[in-house]
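Undergrad: Compute the structure for the input listed below.
(one chain, ligands or ions: 1)
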Amino acid sequence: MAKDVSLLELRQRLAEFAHVRGWDQFHSPRNLLLALVGEVGELSEIFQWKGEVARGLPNWTPRDKEHLAEELSDVLLYLIQLADVCGLDLGEAALSKIIKNARKYPVIDRNYSSPDH
Ligand SMILES: Nc1ccn([C@H]2C[C@H](O)[C@@H](COP(=O)(O)OP(=O)(O)OP(=O)(O)O)O2)c(=O)n1
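TA: This next block holds a predicted model:
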């Protein structure tokens, strides 16, 4: 069964990782944002020039999927650190945003509702 990983655990482990290496001094909001964007670029490269990709990635090799999982993780880990050094509770903020999104985009007709504006 998959482990239920919390944002709190990830945040704490990342803070410890940076602290014991003396990297706190480099983890300013701006530096973490740039690192995050760099990782989004690496994530994009995986999909670049591939054409449309089916959900579930049926034709991808385990190695390709592992690479994707690593790049997705890098994005997540920098995002969590960015929120942390900004003093924001990312989990709480994301839940609030989901509620806000639901109010903004009420379900009117399941057959015709679209994420387009
Ligand atoms: N100052 C740093 C440096 C790294 N990391 C962590 C967050 C990412 O999960 C990962 C990023 O490491 P790399 O910069 O080595 O990037 P990649 O793992 O993408 O390696 P490469 O760019 O060689 O593919 O390490 C971090 O938290 N703080």
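Undergrad: What residues does the protein have near the ligand?
TA: Applying CB under 6 Å from any ligand atom, we find that the chain lies next to the ligand at 23, 26, 42, 74, 77, 78. From N, CA and C alone the C-beta is placed, and that goes for glycine too.
Undergrad: 5 Å instead?
TA: Within reach of the ligand by CB under 5 Å from any ligand atom, the chain has these residues: 23, 74, 77.
Undergrad: ok, of these, which come out buried?
TA: Neighbour counting with 16 or more other CB atoms under 10 Å marks 74, 77 as buried within the residues of the chain next to the ligand.
Undergrad: from the residues of the chain next to the ligand, which single one is nearest residue 104?
TA: Using CB to CB, residue 77 comes nearest to residue 104 of those, at 29.0 Å.
Undergrad: so where is the chain shaky, pLDDT-wise?
TA: The chain contains residues with pLDDT under 70 at 1, 110, 112-117.
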